[in-house]
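[1] could you look at this predicted model? Sequence included:
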Amino acid sequence: MSTETQKETLGFQTEVKQLLNLMIHSLYSNKEIFLRELISNASDAAEKLRFKALSNGALYENDGDLKVTVSFDPEAKTVTIEDNGVGMSRDDVVEHLGTIAKSGTASFLGQLTGDQAQDNQLIGQFGVGFYSAFIVAEKVDVFSRAAGAPVSEGVHWSSAGEGEFSIATIDKETRGTQIVLHLKEGEEEFADGSRLRTLVRKYSDHIAMPVMMLKEAPLGMEEESEEPVEGEEAKAAKEPKEVAAPELETVNSATALWTLNKSDISEEEYSEFYKHISHDFGNPLTVGHNRVEGNLEYTSLLYVPETAPYDLWNRDAPRGLKLYIQRVFVMDQADQFLPLYLRFIKGVVDSNNLSLNVSREILQKDPNVDKLRTALTKRVLDMLTKLAKNEPEKYVTFWKSFGSVMKEGPAEDYTNREKIMKLLRFASTHTDSSEPTTSLDDYIGRMKEGQTKIYYVVAENYNTAKNSPHLEIFRKKGIEVLLMTERVDEWMMSHLFDYDGKSLQNVTKGELELGETETEEDKKAQEEAAKEAEGLVERLKERLKEKVSDVRVTHRLTESPACLVLNAYDMGAQMRQIMEAAGQAVPDSKPVFEINAEHPLIQKLDQEPDEDRFGELALIIFDQADLAAGGHLADPAAYVTRLNKLLLELSQ
Ligand SMILES: Nc1ncnc2c1ncn2[C@@H]1O[C@H](COP(=O)(O)OP(=O)(O)OP(=O)(O)O)[C@@H](O)[C@H]1O
C-alpha cells in the first residue's frame, strides 16, 4: 500500500459508539451475519455503479465486470470483502462510516436501559449494517476509491470500534471498496474457505451480484478437467502444468431472487433475501411475489416485517421499495410506489415500463408510476387480506406492530377504503380482552336482531374504555361495543361514517339510539321517567348552566348515577388533547349531562331542599361522570375540596 497522507483521527458520533456496543453484545449469538451485511453493501455499491454508468460509461474504468470478492488469510487472521462498485470519497467515508445519518437515532438510543435482554429487543428495530463487522473483528480497515476519481484520491479508514477511527488519503489503483476484518481472538474460524462458502450460499445466494472466491483445489491433487479428453488434448492435459495463478469462481447463484419462479424459491430463500434488502434481524411475517405481464409489466416482491422499526412514526423517514428497471437497480427508498400508510412494506419492484433514464423528479411525472402505485397498493392489501384470513394469529402480530399506521389508510386512500376497513381490528366487549382481534365483519356477524349500528367507544386506555359508564346499557342488552384506545382512533373514526350499510356510532356522542333492540315498553318507561324527573332536570340545568349544554334523563346507565355525552359533532376528548398538545385552538364545547333517575344518589339529589348543598352535590356528580369516562377535570382541587366536605358531613 502506498504512503498515507492527510492522516487524521476522528471520534465517532456518540450514537455510533452506543450502537456499536449494543450490536456487538446483542448480535453475538448470531455473529455470522456480518458477512451477509458486508456483502449486501458491496453488492449495493456495484448495483449503484451499474446505474450511474448508464449515463457515464467512463465510470467503469474499463472494468465492467461487476462483482464482489471474498478472500481470507488464516495466518494473518483476516477476512476481506471487496467490490468494484461506486466506492466512496473521503467525505463519503467520514459520513457513512463515522455517523449515523438516520433521523431519530439519538432518541432511539436514548431508550436503552442497560438491561441486555431489553436492549437486544430494541436493536431489532434498528437494522444491522456495516458496523456488524465489529462483532467478529477487533480492527477493520476500509480501503475505497470512488468510481471516476483519480487513483490518488483513495481513502484508508481504520478503526478498532472503540470510539474513534483514523482516516488517510492513499493511492488506490482499483475503484470500489475493500474491507479487511482483523478477526478477534476466538473468531479465527471465519478465515476458512469452506466456512465462508457455506455462509455466502446460506445468506447471499440470490443477490444479483456474483460473489467470487478463489477456487479451492482438492488437497494434494492437481485440478482435473471433468470432461473426457482424447487424442492431442488428452496428451496435453497429462503434461505437467505451469502453476497457474489461482482462479476465481462464483460461489453464489447470483440471480436476483425475484426473477426466479415462485415454485423454485424456498421459504428460507425468501427470508434471506428479505434480510439482505431490509437489514432486519428477524424473518418477515409474510411475502408476496408476483409477475405481471401485459400493458403494465412488473415483478414485485413485497414483504411485511414482523416488528416495527423505531422510526415508524417519523413520516418523513426514508422508506419505500428498491426500484429496478429491467433488472437494473435504480434507487433505494423509492417511496412513490406505495402510499404512506403502507410505509412499513419492504421489497423490490422491477418494472419494464419505466425508462432507465430516470430521476426522482422524472418519476413523479411518469403516469406509469401512478399505475404501479395503484397496482402495488392493491397487492399489499390483498396480501394482508389473505394473511388475515389464512393465518389470523400472524395477522394479530402484524396488527399490533402496524395497525396504528394502517389506520391512517381510510382517510388517505379513499379508493381502497372498504378494503382497508375490512382489515381493521379492535378490542371489543365481546372478547373481554385488550387484544385487537375483532374485525368489523366479526362485529356485524354478532349484531343483535334489530340492531342497525356499529357501536364503539374511544378512550385513553383499555380499562377506561371497558369500564366506561356509557357501556352499561349495552352490557345489559348484550350489545357488543368496539373499544378503541389508540391515539389515531378518534381521528380515523372522524373520517368514517358507515361500513357495509351500518352506520358507525360513538356511544359517548349524540342521543342514544338502540334501534329496534328497544321495545315499546322500554320507550314508554323512558318517557315516564323523563316526565317524573322534569323538576330535577330544570334545577340541574339552572345550576350547571356554565358547564353543560343540556341536562336530560338517560337510558344509557344502569349502575352509574350520571354520565357526560358529547353533541354529535363535537370533538372528543382524545382529539381535543392531541390538538391542544399540538398548540391548536380547539373550539369550546359543552357536554350534555345525562342522569340516571333510578339511581339512589340522583333520587337523594332530587330530595335535597337546601339549594347550596344541591349545587355542591350536583357538581360532584358532574365531575365524577367526567372522571369515570377518563376525563381530566378542569379544576381537580375544587372537586377534592367538595368531596371532602361531604365526607366530613357524612361522618359527623
Ligand atoms: N462497500 C461499500 N461501497 C460503497 N459504499 C458503502 C459500502 N459499504 C457501506 N457503504 C456506504 O455506507 C453507508 C452505511 O452503511 P451501513 O451498512 O452502515 O448502512 P445501511 O443500513 O446498509 O445503509 P442502507 O440503508 O443504505 O443500506 C451505506 O449506505 C453506503 O452509502
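    Received it, and whenever you're ready, just let me know what you need. In this text, all values refer to a predicted model and were calculated from it rather than measured experimentally.

[2] any chance you could list what contacts stretch 253-273?
    Here stretch 253-273 makes contact (C-beta atoms under 8 Å, 6 or more residues apart in numbering) with 36, 202-211, 283-284, 287, 289, 299-301, 303, 324, 327, 348, 350. Using the backbone N, CA and C atoms, a C-beta is placed for each residue, glycine as well.

[3] give the ChimeraX command for selecting the buried subset of these.
    Per 16 or more other C-beta atoms under 10 Å, the buried members of these correspond to this ChimeraX selection:
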select :36,203,204,205,206,207,208,209,210,211,283,284,287,289,299,300,301,303,324,348,350
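
[4] quick one: Gln111 and Gln118 touch, right?
    No: here Gln111 does not reach Gln118: they are 9.0 Å apart, not a contact under C-beta atoms under 8 Å.

[5] quick check: buried residues in the helix or strand that contains Lys422?
    Per DSSP states H and E: Lys422 is located in helix 417-423. For helix 417-423, burial by neighbour count (16+ other C-beta under 10 Å) applies to Arg417, Lys419, Ile420, Met421, Lys422, Leu423.

[6] narrow the contacts of stretch 253-273 to those in helices?
    Among the contacts of stretch 253-273, the residues falling in helices (DSSP state H) are Arg36, Lys202, Tyr203, Ser204.

[7] tell me which of those is nearest to the ligand?
    Nearest to the ligand out of the ones in helices among the contacts of stretch 253-273 is Arg36 (C-beta to the nearest ligand atom; 11.0 Å).

[8] how about the contacts made by the closest residue to the closest one other than its chain neighbours?
    Nearest residue to Arg36 in three dimensions, chain neighbours excluded: Tyr203, at 3.7 Å (C-beta to C-beta, 6 or more residues apart in numbering). Contact partners of Tyr203, counting by C-beta under 8 Å, 6+ apart, are Glu32, Ile33, Leu35, Arg36, Ile39, Glu272, Lys275, His276.

[9] wait, which of those residues is closest to Pro587?
    Nearest to Pro587 out of the contacts of Tyr203 is Lys275 (C-beta to C-beta; 49.8 Å).

[10] count of residues packed around that closest one?
    Residues lying near Lys275 (other C-beta atoms under 10 Å) number 23.

[11] do you know how far it is from the ligand?
    12 Å (C-beta to the nearest ligand atom, to the nearest Å).

[12] off-centre distance for the helix or strand harbouring that residue?
    Assigned by DSSP H and E, Lys275 falls within helix 267-278. How far helix 267-278 lies from its chain's middle: 17 Å, per C-alpha atoms, centre = their mean, to the nearest Å.

[13] assumed Glu649 was part of a helix.
    Yes: assigned with DSSP: H, G, I helix; E, B strand; the rest coil, Glu649 falls within a helix.

[14] so what's it scoring on pLDDT?
    The model reports Glu649 with a pLDDT of 86.

[15] check Gln333 too.
    Per-residue pLDDT puts Gln333 at 86.

[16] same check, this time on the one 5 residues further on
    Looking at Leu338, its pLDDT is 95.

[17] which residues sit in contact with it?
    When contacts are counted by C-beta under 8 Å, 6+ apart, Leu338 touches Gly320, Leu321, Ile345, Arg373, Leu376, Thr377, Val380.

[18] from what I see, Glu580 and Gln574 are in contact.
    No: counting by C-beta under 8 Å, Glu580 does not reach Gln574; the two are 10.8 Å apart.

[19] who has more neighbours, these two?
    Taking other C-beta under 10 Å, Glu580 and Gln574 do not tie; Gln574 has more neighbours (21 against 11).

[20] which SS state does that one fall under?
    Gln574 is classified as helix under three-state DSSP.

[21] who in the stretch 1-150 of the chain is up against the ligand?
    Residues of the stretch 1-150 of the chain lying near the ligand by C-beta under 6 Å from any ligand atom: 41-42, 45, 83, 85-88, 96, 127, 129-131.

[22] closest one of these to Val537?
    Nearest member of those to Val537, counting by C-beta to C-beta, is Gly127, at 61.1 Å.

[23] most neighbours among the contacts of Tyr203, which one?
    The residue in those with the most neighbours, by other C-beta under 10 Å, is Leu35 (25 neighbours).

[24] now do the contacts for the nearest residue to that residue once chain neighbours are set aside.
    Spatial nearest neighbour of Leu35, excluding adjacent residues (C-beta to C-beta, 6+ apart): Leu199 at 4.9 Å. Going by C-beta under 8 Å, 6+ apart, Leu199 touches Glu32, Leu35, Arg36.

[25] what separates the residue in the stretch 501-650 of the chain that the ligand sits nearest to from Trp491, distance-wise?
    Residue of the stretch 501-650 of the chain nearest the ligand, by C-beta to the nearest ligand atom: Ala582 (30.7 Å). Note on Ala582: its distance to Trp491, by C-beta to C-beta, to the nearest Å, is 12 Å.

[26] who's more crowded, these two?
    In this view Ala582 and Trp491 are compared by other C-beta under 10 Å, and Trp491 has more residues nearby, 18 against 8.

[27] what's the helix or strand containing the more buried one packed up against?
    Using DSSP H and E, Trp491 sits in helix 489-493. Packed against helix 489-493, as judged by 3 or more C-beta pairs under 8 Å, 6 or more residues apart in numbering; DSSP states H and E, are the following elements: helix 409-412, strand 453-458, helix 573-581.

[28] next SSE downstream of the helix or strand bottoming out on mean pLDDT in the chain?
    Lowest mean confidence among the helices and strands of the chain (mean pLDDT, DSSP states H and E): helix 231-238, at a mean of 50. Using DSSP H and E, the helix or strand that follows helix 231-238 in sequence is strand 248-250.

[29] could you say what helices and strands that next one packs with?
    Judged by 3+ C-beta pairs under 8 Å, 6+ apart, the packing partners of strand 248-250 are strand 211-214.

[30] right, is the strand it packs on up against the ligand?
    No: taking C-beta under 6 Å from any ligand atom as the criterion, strand 211-214 and the ligand are apart, separated by no less than 12.9 Å.

[31] show me what that strand is packed up against.
    Packing partners of strand 211-214 (3+ C-beta pairs under 8 Å, 6+ apart): strand 68-73, helix 193-204, strand 248-250.

[32] quick check: mean pLDDT across the last one?
    Meaning strand 248-250. For strand 248-250, mean pLDDT is 95.

[33] quickly run through the sheet partners of that strand, with directions.
    strand 211-214 (antiparallel) (DSSP bridges).

[34] give the buried residues for the strand it pairs with.
    If you call a residue buried by 16+ other C-beta under 10 Å, then strand 211-214 has these buried ones: Val211, Met212, Met213, Leu214.

[35] just the closest of those to Glu391, please.
    Nearest to Glu391, judged by C-beta to C-beta, of those is Val211 at 34.0 Å.

[36] that closest one contacts Arg201, correct?
    No: Val211 is not in contact with Arg201 according to C-beta under 8 Å; the separation is 9.0 Å.

[37] shared neighbours of the two, which are they?
    Residues touching both Val211 and Arg201 (C-beta under 8 Å, 6+ apart): Val251, Asn252.

[38] the residue nearest the centre of the chain and the ligand, how far apart?
    Centroid-nearest residue in the chain: Ala308, 3.4 Å away (criterion: C-alpha atoms, centre = their mean). To the ligand, Ala308 is 17 Å away according to C-beta to the nearest ligand atom.

[39] mind checking the SS state of that residue?
    Three-state call for Ala308 (three-state DSSP): coil.

[40] is it true that Gln326 touches Asn357?
    No: in this structure, Gln326 is not within contact of Asn357 by C-beta under 8 Å, at 11.7 Å.

[41] list the contacts of the strand or helix carrying Val93.
    Val93 is part of helix 90-96, with elements assigned from DSSP H and E. Outside helix 90-96, the residues that touch it by C-beta under 8 Å, 6+ apart are Leu10, Met88, Ala101, Phe130, Val142, Ser144, Ala146, Glu153, Val155, Trp157, Ile167, Thr169.
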